[in-house]
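Colleague: I would like to see how this sequence folds:
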Amino acid sequence: MDNNENKSGALRDLMNTSIGKIREMVDSNAIIGQPIATPDGVTLIPVSRMSFGFGCGGGDYGKQAPKFGGASTAGVRVEPVAFLVIKDGITRVLPVAMPAMTTVDRVIDMVPEVMDRVENFIDKRKAEKETI
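Modeller: Below you'll find the predicted structure:
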């Protein structure tokens, strides 16, 4: 029974080591990056997509004195998605992906900009009415 416990302990140690290394690689700052301030007052915040996985396995070999053999592997993929661009209190999303291909995609991409313009127009109209 001790031999089986040693094998499961070795596999557990292998898995714990793999998971520990993944925790070192995976960080929330890799998804929402640190803000970057430019001299002209623009702040850029990188946004990424992250996926990761790992595999681990082991087994015993040898007939006289069973020995444990194991292996593990891990992979992390970080893919830039967009930048949040903040200027003069207005936040915009600047996608890193290919530009929109269809008319519907273009309209969806333009919605935030149109909303900002409408909001600015309404604010100007209110300011004009208040000054009259």
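Colleague: which secondary element of the protein has the worst mean pLDDT?
Modeller: Ranking every helix and strand in the chain by mean pLDDT, DSSP states H and E puts helix 2-25 at the bottom, with a mean of 70.
Colleague: what separates it from the chain centre, distance-wise?
Modeller: Relative to the centre of its chain, helix 2-25 is centred 27 Å away, using C-alpha atoms, centre = their mean, to the nearest Å.
Colleague: just checking, next helix/strand downstream of it?
Modeller: strand 36-37 (DSSP states H and E).
Colleague: point out where the chain drops to low pLDDT.
Modeller: The chain contains residues with pLDDT under 70 at 1-8, 27-29, 64-66, 98-101.
Colleague: quick revisit: dump the least confident helix or strand of the chain to CSV, restricted to CA.
Modeller: Taking C-alpha atoms only, helix 2-25 is exported to CSV below (Å, rounded to 0.1, in the frame of the first residue of the first chain):
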residue,chain,number,x,y,z
ASP,A,2,2.9,2.4,0.7
ASN,A,3,4.1,2.0,-2.9
ASN,A,4,0.7,3.2,-4.3
GLU,A,5,0.7,6.1,-1.9
ASN,A,6,4.2,7.1,-3.1
LYS,A,7,3.0,7.0,-6.7
SER,A,8,0.0,9.1,-6.1
GLY,A,9,2.1,11.5,-4.0
ALA,A,10,4.6,11.8,-6.9
LEU,A,11,1.8,12.5,-9.3
ARG,A,12,0.2,15.0,-6.9
ASP,A,13,3.6,16.8,-6.6
LEU,A,14,3.9,16.9,-10.3
MET,A,15,0.5,18.4,-10.8
ASN,A,16,1.0,20.9,-8.0
THR,A,17,4.3,22.0,-9.6
SER,A,18,2.6,22.4,-12.9
ILE,A,19,-0.3,24.4,-11.5
GLY,A,20,2.1,26.6,-9.5
LYS,A,21,4.1,27.5,-12.7
ILE,A,22,0.8,28.3,-14.5
ARG,A,23,-0.1,30.7,-11.7
GLU,A,24,3.2,32.4,-12.1
MET,A,25,2.5,32.9,-15.9
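Colleague: this completes my enquiry, with thanks.
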